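**Q** take a look and give me a structure for this.
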Amino acid sequence: MERVRALPDPVWPVVVLALIQVGDGVLCMGPVRFVRECFEGVKFPREWWWVTLPVKFAAAGGLVAGIWVPVLGAVTVWALVLYFLVAVFAHVRARDFGRNLFLNAASMLVICVLVALRSFVL
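**A** Below you'll find the predicted structure:
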């Protein structure tokens, strides 16, 4: 049975992912054009766009706190994996097979899985 480490090791991927989440949260504030196109591509209701902001910032906070409370970091990174799995599914379901799927959702899914495995599991 796999166990969560005493501390994430290495820490830098967790910090980088936290910074990515902060940046993503900032991009969702407007949202900027490519984020807006991403939401529209999966037909995500406009009245729910605001939800992405606290999710992104909470994820960043959970990752940073997870440096000292590894269980929180592990839960946060696996929650991000789930978030981006749902995003990939949403793009596939909407037949949005372009940049939004591959560059945005799928690449973030891969990054989150790699951070989870490298810093908290392996």
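**Q** could you point out the longest helix in this protein?
**A** helix 70-93 (DSSP state H).
**Q** residues making contact with it?
**A** 4-8, 14, 17, 21, 41-42, 44, 55, 59, 62-63, 65-67, 97, 100-101, 104-106, 108-109, 112-113, 115-116, 119-120 (C-beta atoms under 8 Å, 6 or more residues apart in numbering). Any C-beta I mention is one placed from the backbone N, CA and C, and that applies to glycine too.
**Q** out of those, which are buried?
**A** Buried by 16 or more other C-beta atoms under 10 Å: 7-8, 14, 17, 21, 41-42, 44, 55, 59, 62-63, 66-67, 100-101, 104-106, 108-109, 112-113, 115-116, 119-120, out of the contacts of helix 70-93.
**Q** inside helices: which ones of these?
**A** Using DSSP H, the subset of the buried ones among the contacts of helix 70-93 located in helices is 14, 17, 21, 41, 55, 59, 62-63, 108-109, 112-113, 115.
**Q** how many neighbours does residue 73 have?
**A** Residue 73 has 28 neighbours, counted by other C-beta atoms under 10 Å.
**Q** excluding its backbone neighbours, what's nearest it?
**A** If you skip the residues right next to it in sequence, residue 73 has residue 66 as its closest partner in space, 1.7 Å away by C-beta to C-beta, 6 or more residues apart in numbering.
**Q** can you tell me how far the one you found sits from residue 106?
**A** Distance of residue 66 to residue 106, given as C-beta to C-beta, to the nearest Å: 24 Å.
**Q** and what of residue 119?
**A** On the measure of C-beta to C-beta, residue 119 and residue 106 end up 20 Å apart.
**Q** repeat that for residue 85.
**A** Taking C-beta to C-beta, one finds residue 85 at 10 Å from residue 106.
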